[in-house]
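In: Sharing a sequence plus its predicted fold:
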Amino acid sequence: MLLDVSHLSVCYKGQVPSVKDLSFHLDNGEILAVVGESGSGKSTLLHAIIGLLPDNGRIINGSIRFADQDLTSFSLRQWREIRGRRIGYIFQDAGASLNPVRKIGSQFTEYIRSHDKIGRKKAQMMESEMLRKLSLHDGQRILNSYPSQLSGGMKQRVAIAMAMIFNPDLIIADEPTSALDTVSQAQIIEELHYLKKTFGTSVILVTHNINVAARVADKIGIMLDGTLLEHDATDEVICNPKTEYAKELLRNNIKLYEESLGGFNRAEDAIFTGENISKYYSTVNGRKALRVLHQVSIEIKRGEFIGIVGESGCGKSTLAKTLLGLEKPDNGRVLFHDIDIAFLSLSQQREFRRKVQLVFQSPMETFSPRMKIGTVLKEPLCNFGIKNRKELPEAVNEALQKMLLPESYQHKYPHELSGGELQRVSIARCLEIQPEVIIYDEPTSALDTVIQKQILKDILHIHKENKLTSIFISHDIALIRHISDRIIVMYRGCIVEILRGCDLLTKARHPYTKELLNAVCSLDREEDVISPVATGLNNESESSATGCVYYHRCCRRKNDCMLSEPTLKEDESGNLCACFFPTEVVNDIL
């Protein structure tokens, strides 16, 4: 037995215990997935195991034994010897844990030398060797890159390489796949399997995604309110759940082949039109412009539900900000009801801001922690002069009731609400000023499957009830298919395919769309298939200025693809695809 956690309770000063009487054990070469909603105590458990509880947190009961050593009694010196060397840690957002102004190689070398007194050259040899072992064949380019030059998935793989450099007995991974597209997610899952198989590494994986847990883990633990409700072999938890919460998690899990809820009535007139939108950001030294959007043209009809899907950094959020007028395109224009938003008068801008609303990914970061929910809901009503002072209390109560929240919540602060409840408040704040368009930027990515399904039902209900136009941004293509009338697939700032949600599984023609589908983790498919594109090509170098943006990853590529850029072409179904060879079927599992 490598790790034995027995009757562990962890408390923060002045609060009820965050982890309550929790017990489990982990054997060598075993992967345990801990699944639960935000605030269930998952991260607190990890921090307790690795000795990184904050100053106001303490273990009030129980023990943590690692390789027959009691970690709860370790001194700082003992922790320094074990952290990094015998226990590795992979953070949720690898990009946030990397220094943006230093190259990967420099940070990797510093990490190695902080744990072992070796020379710089030997450390650099260790880095290259570890990247090679993890099948990152373009290792030198990766080490010479800044974090901003790598995709989210590649940064996460670099974090895994750092955590594995001393061949630790245990890897702790805190939501390593939550912000990744399906291809990057599948690569990380394969990486964790490889660590177990090749090095005999044990892994504790924290996730809110039951699909990922089922695919990667030997055992699954279900957490709720600081307690471990279930802890059993993966097949047993998935096929024969014991607790009502586990059953509910599985019931509400969105599956790839689940019936789509899209198909809303839409008008013929366009509410938003984007014409050849291009956007560039300057790099740190200002010498080179980073292309974020490239000649993007879209038409969004009034009343439709649009899904935008793609990997981190593909331009989804930048496109949304451009539609909102929060970013100005360097080329092209955005029309709202056939009027260029760049030339709106001040009064027109104010009305545009009311008509087009945005629901953010993390409401906790957008709400003032010092403002009560009632004040948060009153603010837009006052700003736009929609209600007078006497009408405000009734308007706030009505906004909460529409989202099935108690009126008493107006007296609470944001930190007193769950993630799902806060997201409902965000939607209520948008609805109360009667918008025409709501843009949702990854609103469910940090929520467990039960709350995610509830929020999606709320979003679909208000879309229909209020006759809205909705734009939903996500990296989860199965979720996007579940709710969307039309799906826009983006890759490196370009739209590569636009198709109806009901056609996604049968009529997707672009190789990148197929790659996303092939990599989906879902309980209703027997096994995941990662396309040869994802596993065989690790080249993330800049795309050719003239050729296809997908050229370096495509297994269909031919000379024509490198010489000229494909444009969106319509097929007999009315779907659009930017590919010279869209009818060729490669590794089509659908």
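Out: On my side now, so go ahead.
In: So what touches the helix or strand hosting K378?
Out: For K378, the element it lies in under DSSP states H and E is helix 373-383. For helix 373-383, contacts defined as CB atoms under 8 Å, 6 or more residues apart in numbering pick out 367-368, 371, 386-387, 392, 395-396, 399-400, 409-414, 417, 425, 428-429, 432-433. The way it works is simple: take the backbone N, C-alpha and C, and place the C-beta from them, glycine included.
In: Swap in 6 Å and give it another go.
Out: The contact list for helix 373-383 (CB atoms under 6 Å, 6 or more residues apart in numbering) reads F367, K387, L392, A395, V396, A399, Y409, Q410, K412, V425, R429, I433.
In: any chance of these in a markdown table, plus secondary structure?
Out: Below are the contacts of helix 373-383 laid out as a markdown table (DSSP: H, G, I helix; E, B strand; the rest coil):
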| residue | secondary structure |
| --- | --- |
| F367 | coil |
| K387 | coil |
| L392 | helix |
| A395 | helix |
| V396 | helix |
| A399 | helix |
| Y409 | helix |
| Q410 | helix |
| K412 | coil |
| V425 | helix |
| R429 | helix |
| I433 | coil |
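In: I31 and V203 touch, don't they?
Out: Yes - between I31 and V203 there is a contact under CB atoms under 6 Å: 4.4 Å.
In: Against I112, how distant is I172?
Out: 19 Å (CB to CB, to the nearest Å).
In: Now the terminal residues of stretch 170-182, how far apart.
Out: The straight-line separation of the ends of stretch 170-182 (CA to CA, to the nearest Å) is 25 Å.
In: For that stretch, the averaged confidence score.
Out: Mean pLDDT, computed over stretch 170-182, is 85.
In: before we move on, what about stretch 501-517?
Out: For stretch 501-517, the per-residue pLDDT averages 92.
In: swap in stretch 81-96?
Out: On average, stretch 81-96 scores 86.
In: What lies in contact with that stretch?
Out: 50, 97, 115, 147, 155-156, 159-160, 163, 166, 168-176.
In: for stretch 344-357, same thing?
Out: L324, F384, C430, I433, P435, E436, V437, I438.
In: now stretch 133-150
Out: Counting by CB under 6 Å, 6+ apart, G95, L98, P100, K103, I104, G105, S128, L131, K155, A161, N538, N539 sit against stretch 133-150.
In: just to revisit the earlier point, nearest to C11, of the contacts of stretch 344-357?
Out: C430 (37.3 Å; CB to CB).
In: What residues does that closest one make contact with?
Out: Q357, I438.
In: The lengthiest helix in the chain: which residues count as buried?
Out: Assignment by DSSP state H gives helix 449-465 as the longest helix of the chain. Neighbour-count burial for helix 449-465 flags 449-456, 458-460, 462-463 (criterion: 16 or more other CB atoms under 10 Å).
In: Turn those into JSON lines, columns for distance to G226.
Out: Compiled in JSON lines, the buried residues of helix 449-465 are given as follows (distance: CB to CB, whole Å):
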{"residue": "T449", "distance to G226": "19"}
{"residue": "V450", "distance to G226": "17"}
{"residue": "I451", "distance to G226": "17"}
{"residue": "Q452", "distance to G226": "21"}
{"residue": "K453", "distance to G226": "23"}
{"residue": "Q454", "distance to G226": "22"}
{"residue": "I455", "distance to G226": "23"}
{"residue": "L456", "distance to G226": "27"}
{"residue": "D458", "distance to G226": "27"}
{"residue": "I459", "distance to G226": "30"}
{"residue": "L460", "distance to G226": "32"}
{"residue": "I462", "distance to G226": "33"}
{"residue": "H463", "distance to G226": "36"}
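In: Turn these into JSON lines, including pLDDT and distance to E570.
Out: Compiled in JSON lines, the buried residues of helix 449-465 are given as follows (pLDDT from 0 to 100; distance: CB to CB, whole Å):
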{"residue": "T449", "pLDDT": "83", "distance to E570": "36"}
{"residue": "V450", "pLDDT": "83", "distance to E570": "40"}
{"residue": "I451", "pLDDT": "82", "distance to E570": "38"}
{"residue": "Q452", "pLDDT": "85", "distance to E570": "33"}
{"residue": "K453", "pLDDT": "87", "distance to E570": "34"}
{"residue": "Q454", "pLDDT": "86", "distance to E570": "37"}
{"residue": "I455", "pLDDT": "88", "distance to E570": "34"}
{"residue": "L456", "pLDDT": "90", "distance to E570": "30"}
{"residue": "D458", "pLDDT": "89", "distance to E570": "34"}
{"residue": "I459", "pLDDT": "92", "distance to E570": "29"}
{"residue": "L460", "pLDDT": "92", "distance to E570": "28"}
{"residue": "I462", "pLDDT": "91", "distance to E570": "32"}
{"residue": "H463", "pLDDT": "93", "distance to E570": "26"}
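In: still on that earlier bit, can I have the buried ones of the contacts of stretch 81-96 as a PyMOL selection?
Out: Here is the PyMOL command that selects the buried residues among the contacts of stretch 81-96 (16+ other CB under 10 Å):
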select buried, resi 50+147+155+156+159+160+163+166+168+169+170+171+172+173+174+175+176
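In: show me the contacts for the nearest residue to L45 once chain neighbours are set aside.
Out: Closest residue to L45 apart from its sequence neighbours, by CB to CB, 6 or more residues apart in numbering: V19 at 5.5 Å. Residues near V19 by CB under 6 Å, 6+ apart: L8, S9, V10, G41, T44, L45, G226.
In: now do 7 Å
Out: Residues near V19 by CB atoms under 7 Å, 6 or more residues apart in numbering: L8, S9, V10, G41, T44, L45, A48, G226.
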